[in-house]
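> got a sequence here, can you build the structure:
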Amino acid sequence: MSIFADMEQRSENTENMCSAEFKPSSALRPALYLIPSAMSDGPLDAVIPPANLEIIRGIKHFVVENIRTTRRFLKRCDPAIDINALSFTVLDEHTAAADVAAMIQPLIDGNPVGVISEAGCPAIADPGADLVAVAQKKGLEVVPLVGPSSILLSLMASGFNGQSFAFLGYLPYDDKARAARFREMERRINSERQTQIFIETPYRNTRLINELTRHFGGKMLLCVATDITGPRQSIVTRQLDWWKTHLPQIDKIPSIFLLFN
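Take a look at the predicted model:
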């Protein structure tokens, strides 16, 4: 056997081993499964791996940020799923900290539990992190699944520093606190070469870009990423001077913003 044939055989064996290792059994082992959701109305099979769908089919207990959108997502995953046979517990920004621990009880009882958020990837800028912390504290298995993250996808496509970056979530609404945040962002960009990533309430997206052009120097780079993985996806990096005359109309379109210099 030639060395190339031997390498091909080893590669095939490895692929078979990987397939066998990650293919879920009919009886899913008890664990807390962190299930990424679709971030847009684009084709589901473009962002959700088939292995995730098999895992979803094996779960009856879900902790979710929004029941209505989760039910819709599960039906997109598999129309044959009996939604009425599933249990849903809401974990969102209004959930009392004292109520989170009880949500892990189905897993303690030996059942797999799925976590689905509105953020794309559970526990990343998401209340699901509190439930993961409980599971880790109790020594329960946590399984993160592959899926889309607007934070990582926008950073990948921005051309900015991927070695050091910070996701800041929503910017403060108060003018004074907002100005202070801008100054801190600029300091970190200039002194630490750290990419700054943040979001805004969608109906104020365009206003935010206009605001950034007034607060930062015109040579500062801004990446605007909208409708990531969706049919209207646009990820554009330009200097703020350029954005002044090319202000996009992206109100009500899910967007994420990145600054660098």
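
> residue contacts, residue 171?
For residue 171, the contact set (C-beta atoms under 8 Å, 6 or more residues apart in numbering) comprises 178, 181, 198, 200, 208. No exception for glycine: its C-beta is placed from N, CA and C like everyone else's.

> what is the neighbour count of residue 225?
Residue 225 sits with 24 neighbouring residues when counted by other C-beta atoms under 10 Å.

> shouldn't it be in contact with residue 152?
No: with contact defined as C-beta atoms under 8 Å, residue 225 does not reach residue 152; the gap is 11.0 Å.

> quick check: mean pLDDT across stretch 75-93?
Stretch 75-93 shows an average pLDDT of 96 in the prediction.

> actually stretch 209-217, sorry about that
The predicted model gives stretch 209-217 an average pLDDT of 93.

> so residue 236 is in contact with residue 223, correct?
Yes: between residue 236 and residue 223 there is a contact under C-beta under 8 Å: 6.9 Å.

> okay, these two: which has more neighbours?
In terms of neighbours (other C-beta under 10 Å), residue 223 is the more surrounded of residue 236 and residue 223; the figures are 21 against 15.

> the more buried one: what secondary structure?
Each residue gets one of three states, and residue 223 gets strand by DSSP: H, G, I helix; E, B strand; the rest coil.

> that one pairs with what?
Residue 223 has the following beta-bridge partners by DSSP bridges: residue 237, residue 258.

> check the gap between it and residue 211 for me.
16 Å (C-beta to C-beta, to the nearest Å).

> same check on residue 56?
Counting by C-beta to C-beta, the gap between residue 56 and residue 211 amounts to 40 Å.

> just residue 31 next, same as before
Distance, residue 31 to residue 211, by C-beta to C-beta: 44 Å.

> these two: who's more crowded?
A count of neighbours by other C-beta under 10 Å puts residue 31 above the other of residue 31 and residue 211, at 18 against 15.

> for the stretch 1-150 of the chain, which segments count as strands?
Listed in chain order, the strands of the stretch 1-150 of the chain (DSSP state E, counting those that start in this stretch) span residues 32-34, 61-64, 87-90, 113-116, 142-144.

> wait, is residue 249 part of a helix?
No: the assignment for residue 249 is coil, going by three-state DSSP, so no helix is present there.

> contacting residues around the nearest residue to it once chain neighbours are set aside?
Among residues not flanking residue 249 along the chain, residue 206 sits closest, at 6.0 Å (C-beta to C-beta, 6 or more residues apart in numbering). Contacts of residue 206 were listed using C-beta under 8 Å, 6+ apart, and they are 247, 248, 249, 250, 251.

> quick one, which of those residues are buried?
Applying 16 or more other C-beta atoms under 10 Å to the contacts of residue 206, the neighbour count classes residue 250 as buried.

> near residue 160, how many other residues are there?
The criterion is other C-beta under 10 Å. On that basis, residue 160 has 24 neighbouring residues.
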